[in-house]
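K.L.:
mind looking at a prediction? Sequence and model below.
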Protein chains: 2
Amino acid sequence: MVALRDRGTLFIGIDGGGSKCRASVVDADNRLLGTGVAGPANPLHGYAQTIDSIVRSAALALADAKLPPETLGELVAGVGLAGVNMPRLYNEMASWANPFRKMYLTTDQHSACLGAHRGGDGAVIIAGTGSCGYAWVNGRSKLIGGHGFPHGDKGSGAWMGMEAVKYLFLALDGLAEDSRLKGELLQVLDSSDANEVFEKIGGKSSSHYARLAVPVIECAEAGDPVAVSIVRDGAAYISALADKLLELNPPRLSMIGGLAPRLRPWLAHHVVKRLAEPLDAPEIGCVYFAQQSLARDAGESGKNTGSKALFG
Amino acid sequence: MVALRDRGTLFIGIDGGGSKCRASVVDADNRLLGTGVAGPANPLHGYAQTIDSIVRSAALALADAKLPPETLGELVAGVGLAGVNMPRLYNEMASWANPFRKMYLTTDQHSACLGAHRGGDGAVIIAGTGSCGYAWVNGRSKLIGGHGFPHGDKGSGAWMGMEAVKYLFLALDGLAEDSRLKGELLQVLDSSDANEVFEKIGGKSSSHYARLAVPVIECAEAGDPVAVSIVRDGAAYISALADKLLELNPPRLSMIGGLAPRLRPWLAHHVVKRLAEPLDAPEIGCVYFAQQSLARDAGESGKNTGSKALFG
């Protein structure tokens, strides 16, 4: 094992969301030492579970790196969390007596954007269970959408699932046309009538609804008109979101999240042409954020958009 | 006080829903003796509170009738509850060791329909926080819609509020046109940006969303195109629901619920022409249900659609 004093500053990037919390430890030369994954870390759904998942994912990453547990107190942490664009949740998390040497907190959108563009300026469309657009250009951020389920996050997996379930209830009542989508949804939900559909999905969380997005997109790909209409409506919103981001002249635009590859063919052509592959994962974006924040704190040049590339 | 043995059978009708539970006690000659109102009684939201609200509303109705509390054990109760079209909740409530001489349980739609048509056959559109259509014709029932918020209950107050909030987030992001509705909603929600709107309404219950229905309808009445589009979409669904009910040839069709008077002008003309005033309240419908059920149990003629009118 390398002696502590030889290692220089160790950074940990921690990306927390509604289902998982992922951590990566890197050394002063940006070499990946270890990774860890723990449970949900969304402060909107609970403070205690969030800090528990952050600490667990960090401990697992240290163990993976074969570093002793007490190294936790040496780490400079960049933490990207869902929900902390709300001041109340940001303040709650920022005032946590955390176990790290230093903790820099930002939104999961910011860390995802930094990851996608290797610490540089750019914009991202995030399309998974939820949806939003985020840009970081010339030291200024802009968030569009991402207001949550079920009132926002149009075009997301949960939104598609909700639209599909709304249609399914109408069709079961004879108030909407039958379709291939109806049959597929009943099969996925293992239901034959409205009561069973309600028991399976009624009042469930966004991630339950998001599981229906794949059958919706598959039916759309097969030409089912109901599914095509849902996917087109969602994709039109995502394209409009992209246009809003492109108004800010980001040097790069990426689309990330579980739905991204399936949604891409449905976007406007001029948007698809602008899409660039994301370069690093969100938890690596958290590392960039920690490095940039530490450098700024240390009085180095104000702008820090050119961090050294990880795995570059 | 009248001696117990002189009173004949006492009936109590109890109508329970998501916000209130209303009880009415009547004597053997269908004279209203007293009424009581207690808290929520929706078994989907909790068994303990439901039975508590039922017993409280009954005790208050007895007190209002100047009858001693122990009269509870004499009452033949008709109880109409939200949620009991789900077998699990019906069985849970039906197996309650209730304090009444006898309890007959049915859905709140059935009791509302019996009330609207004074115990006779008919159909109702229920448009309040939620929406649904229900018909009781020739001893057979038919429920259409009513699948719940936010995946069902199109055209209801909660649905209108949700559609309005979705639009509001789009408009605040510059992804939908400005409108009078946007300004009205921001005022009602005492908010000036998306974060404030989220804090006020995000993740709130259907009754919170339903409070936005009045501003939506007022904006529609004033000709605001966004609000008109929401209300027309909802009203078209309610008209389609009415058409489905009319296929069953109900002798009467009524529209009830808090949104009914505001929604009526937006329905299809042929539906409006068929609407008849509801005759009695849902808790009186519960009394009819208890009387009909008791008569059937007693072996009187199977059909009991011609109960004596209350307050007729």
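P.N.:
Everything's here; your move.
K.L.:
can you pull the domain assignment for chain A?
P.N.:
A:4-118+A:279-297, A:157-274 (automatic domain parsing).
K.L.:
closest to B:Thr71 out of the ones you listed?
P.N.:
For the domains of chain A, proximity to B:Thr71 was assessed by Cβ to Cβ; domain A:157-274 is nearest, at 37.2 Å. No exception for glycine: its C-beta is placed from N, CA and C like everyone else's.
K.L.:
return the distance of the helix or strand where A:Lys166 lies from the chain's centre.
P.N.:
Counting by DSSP states H and E, the element that carries A:Lys166 is helix A:157-172. The offset between the C-alpha centroid of helix A:157-172 and the centroid of the whole chain comes to 23 Å, using Cα atoms, centre = their mean, to the nearest Å.
K.L.:
what is that helix packed up against?
P.N.:
If contacts are counted by 3 or more Cβ pairs under 8 Å, 6 or more residues apart in numbering or on different chains; DSSP states H and E, helix A:157-172 sits against helix A:180-188, helix A:194-201, helix A:206-210, helix A:213-221, helix A:225-246.
K.L.:
with distance to B:Ser229 added, can I get these in a markdown table?
P.N.:
Formatted as a markdown table, those follow (distance: least, Cβ to Cβ, whole Å):
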| stretch | distance to B:Ser229 |
| --- | --- |
| helix A:180-188 | 24 |
| helix A:194-201 | 27 |
| helix A:206-210 | 25 |
| helix A:213-221 | 24 |
| helix A:225-246 | 14 |
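K.L.:
circling back: and the domains of chain A: which comes nearest B:Lys154?
P.N.:
Using Cβ to Cβ as the measure, domain A:157-274 is the one of the domains of chain A that comes nearest B:Lys154, at 7.6 Å.
K.L.:
look at the closest one and report the distance between its end residues.
P.N.:
Terminal residues of domain A:157-274 lie 22 Å apart, using Cα to Cα, to the nearest Å.
K.L.:
that one - what's its average pLDDT?
P.N.:
Confidence over domain A:157-274, taken as the mean pLDDT, stands at 96.
K.L.:
and what of stretch A:25-40?
P.N.:
Averaging the model's pLDDT scores along stretch A:25-40 yields 95.
K.L.:
redo the helices and strands packed on helix A:157-172 as TSV? Include distance to chain B and mean neighbour count.
P.N.:
TSV is the format used below for the helices and strands packed on helix A:157-172 (distance: least, Cβ to the nearest Cβ, whole Å; neighbours: other Cβ atoms under 10 Å in any protein chain shown):
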stretch	distance to chain B	mean neighbour count
helix A:180-188	12	19
helix A:194-201	6	18
helix A:206-210	9	20
helix A:213-221	14	21
helix A:225-246	5	20
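K.L.:
so which of those helices gets nearest A:Ala63?
P.N.:
A:Ala63 sits nearest to helix A:206-210 of all the helices and strands packed on helix A:157-172, at 27.9 Å, using Cβ to Cβ.
K.L.:
can you map out the strands along chain A?
P.N.:
For chain A, the strands defined by DSSP state E cover A:11-16, A:21-26, A:32-38, A:76-81, A:102-107, A:122-127, A:131-137, A:140-145, A:253-256.
K.L.:
mind listing what's buried in the fifth one?
P.N.:
Judged by neighbour count using 16 or more other Cβ atoms under 10 Å in any protein chain shown, the buried positions of strand A:102-107 are A:Lys102, A:Met103, A:Tyr104, A:Leu105, A:Thr106, A:Thr107.
K.L.:
and stretch A:13-24, how far apart are its ends?
P.N.:
5 Å.
K.L.:
list the buried residues for it?
P.N.:
Using 16+ other Cβ under 10 Å as the test for burial, stretch A:13-24 gives A:Gly13, A:Ile14, A:Asp15, A:Gly16, A:Gly17, A:Gly18, A:Cys21, A:Arg22, A:Ala23, A:Ser24.
K.L.:
looking at it, A:Leu67 is touching A:Leu33, isn't it?
P.N.:
Yes. In terms of Cβ atoms under 8 Å, A:Leu67 counts as a neighbour of A:Leu33; the distance is 7.0 Å.
K.L.:
any residues in contact with both of these two?
P.N.:
A:Leu10, A:Val25 (Cβ atoms under 8 Å, 6 or more residues apart in numbering or on different chains).
K.L.:
might you enumerate the residues of chain A proximal to chain B?
P.N.:
Residues of chain A found near chain B (Cβ under 8 Å from any Cβ of the partner chain) are A:85-88, A:144-145, A:147-148, A:150-152, A:154, A:162, A:165-166, A:169-170, A:173-175, A:194-195, A:197-199, A:201-203, A:237, A:240-241, A:244.
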